[in-house]
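**Student:** Output the structure for:
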Amino acid sequence: MTTFLVIIGILLMLYGFIAMFSGMYRRSLEKNNERTDGVPKLPAWRAALLIGSLTFLLGLCVVQIKGQEVGVMYTPSGIVETPLHSGWHLVAPWNKVYRMDKTVWVYTFAQTTTDGNTPNSDAIWAPTSDAFKLGYDISVTWRIDPEQAPWVYANISEQDGSDEARYKWIENNIIRAYTKSALTTVTKNYNVIEAYSIKRDEIQQKTFELLRGELENRKLILEAVNIREVHYNKEYEAAINKKKLAEQEALRLVDVTKQKAELLTQAKIDKDIKIQEAEGEAKALLIKGNAINTNPQIIALEWISAWEAGGSQVPKIISDSKGSMFMLDVNQLK
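**Tutor:** This next block holds a predicted model:
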C-alpha cells in the first residue's frame with residue numbers, strides 16, 4: 001500500500017511538472033504572437049503538484065505492520081523501546097522500521113535425518129541415573145515476545161542481514177544449546193526404565209519448565225516441548241538382553257528348586273508313612289507276643305484261622321497226659 005501511494009504521488013508530481021512547463025511554454029508563445037496549436041493545455045497542474053507531493057510524503061511516512069509481524073523503529077537517536085503492532089503507523093521518513101516475525105517456530109531434534117531441522121542425525125543423547133544414555137527425538141515450539149521485539153533486535157545477532165537468519169541464529173545458538181542442557185539436567189534424575197517409558201511425560205514437563213525460564217531471560221516465549229521418540233544404544237540393548245537371560249535363568253532355578261522341594265516333601269511323607277507302618281507292626285507284634293505269653297491257646301486260634309482262610313486239611317488236636325491240648329499240622333507228618 002505504501003509503495004502504491006509513492007507511485008501515485010510520483011505520477012501526480014510528474015503530471016504537475018509537465019503541465020506547469022507546458023503552460024509556461026504556451027505563455028511564451030502567446031507573448032511572441034506565435035501559434036500554440038501544437039502545445040497541449042494541461043489544467044490543474046498546481047493541484048497535481050500539491051496532491052502528488054502530499055501523496056508521495058504520505059507513502060514514505062505510512063508503515064503497515066501485518067498480523068504476523070511486529071515492528072521495531074530505528075531513529076537517528078537509536079532503537080525505540082515501544083514496538084509497532086499490527087496496523088498502519090505514521091513514521092517520519094528519516095526513521096526506519098524493521099519487521100520481525102512473531103509467529104511460532106518449531107525446532108526438531110531427530111535421530112532420522114529426514115525428520116529434524118538438520119541433515120544429520122540430531123537426537124539429544126542424555127545420561128540416566130544408572131549410567132545409560134538414551135536418545136530423544138524432541139520438538140521445541142517457540143516465538144519471540146512481541147513486547148520485547150526491540151530488545152531482541154538490539155541484542156540477538158543478525159546474520160547476513162536478513163530477519164530469517166536472525167531466527168536461525170536463535171535456534172542454533174539458544175534453542176539447541178539450552179534444550180540439550182535442560183533435558184540432560186532432568187534425565188539424570190531417572191533410571192533407564194523410567195526415562196524410556198513410565199516417566200516420559202514427567203521428564204517432558206520438567207524439561208519444559210526448566211527451558212521456559214532460560215528462554216524468558218532472552219525475551220523468548222516457549223510454547224511447548226514434545227518428546228516424540230526415545231532411542232537406546234547398543235550398550236543398553238546388550239544390558240537388556242543380559243538381564244532377560246538372567247531372569248530366565250532365575251526362573252529356571254526357581255522351577256528346579258520347586259521341583260526338588262516337592263520331591264523332598266514327598267520323600268519325607270513316604271518316610272513318615274513307612275515309619276508309622278513299622279511302628280504299627282512292631283506294636284502289633286509286641287501286643288501279640290504278650291498275649292501268647294499270657295494265653296498259649298491263641299496259637300491254636302491263629303492256626304484255625306489260617307486253615308479257614310485256605311488250609312487243605314483239618315488240623316489234629318492232641319492232648320497230653322496232663323489234659324493240655326495242642327495243634328498238630330498233619331502236612332508235617334507226611
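
**Student:** Now the closest residue to Ser197 other than its chain neighbours: phi and psi?
**Tutor:** Once flanking residues are discounted, Ser197 sits nearest to Val230: 7.9 Å by CB to CB, 6 or more residues apart in numbering. All C-beta atoms are positioned from the backbone trio N, CA, C, and that covers glycine. Phi and psi for Val230, reported as degrees, to the nearest 10, are phi -130, psi 130.

**Student:** What of Lys66?
**Tutor:** Dihedral angles (degrees, to the nearest 10) for Lys66: phi -80, psi 170.

**Student:** which residues does it contact?
**Tutor:** Counting by CB atoms under 8 Å, 6 or more residues apart in numbering, Lys66 makes contact with Ser86, Arg99.

**Student:** how about a cut-off of 10 Å?
**Tutor:** Ser86, Gly87, Arg99, Asp101, Lys102 (CB atoms under 10 Å, 6 or more residues apart in numbering).

**Student:** So the third one versus His89, what's the distance?
**Tutor:** Same thing as Arg99. 11 Å (CB to CB, to the nearest Å).

**Student:** shared neighbours of the two, anything?
**Tutor:** Common neighbours of Arg99 and His89 (CB under 10 Å, 6+ apart) are Val63, Gln64, Ile65, Gly71.

**Student:** so which of these is the most crowded?
**Tutor:** Highest neighbour count within the shared contacts of Arg99 and His89, by other CB atoms under 10 Å: Gly71, with 25 neighbours.

**Student:** Which pLDDT value belongs to the closest residue to that one other than its chain neighbours?
**Tutor:** Spatially, and ignoring its direct neighbours in sequence, Gly71 is nearest to Leu84 (3.2 Å; CB to CB, 6+ apart). pLDDT, Leu84: 92.

**Student:** Distance-wise, check Leu84 relative to Met73.
**Tutor:** 6 Å.

**Student:** Asn117 now?
**Tutor:** Applying CB to CB to Asn117 and Met73 gives a distance of 32 Å.

**Student:** which stretches of the chain form helices?
**Tutor:** With DSSP state H as the criterion, the chain has helices at 2-31, 45-61, 149-155, 163-170, 176-187, 192-193, 200-216, 234-294, 298-308.

**Student:** which of those helices has the lowest average pLDDT?
**Tutor:** The bottom spot among those, by mean pLDDT, belongs to helix 298-308, with a mean of 61.

**Student:** for Ala123, what are its contacts?
**Tutor:** Counted by CB under 10 Å, 6+ apart, Ala123 has contacts 109-112, 115-116, 134-138, 228-231.

**Student:** buried subset of those residues?
**Tutor:** Phe109, Ala110, Gln111, Asp115, Gly116, Leu134, Gly135, Tyr136, Asp137, Ile138, Val230, His231 (16 or more other CB atoms under 10 Å).

**Student:** can you redo these as a markdown table with pLDDT and distance to Trp151?
**Tutor:** Putting the buried ones among the contacts of Ala123 into a markdown table (pLDDT from 0 to 100; distance: CB to CB, whole Å) gives the following:
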| residue | pLDDT | distance to Trp151 |
| --- | --- | --- |
| Phe109 | 93 | 27 |
| Ala110 | 91 | 31 |
| Gln111 | 88 | 36 |
| Asp115 | 78 | 33 |
| Gly116 | 75 | 29 |
| Leu134 | 88 | 36 |
| Gly135 | 90 | 35 |
| Tyr136 | 93 | 31 |
| Asp137 | 94 | 32 |
| Ile138 | 95 | 27 |
| Val230 | 89 | 36 |
| His231 | 86 | 38 |
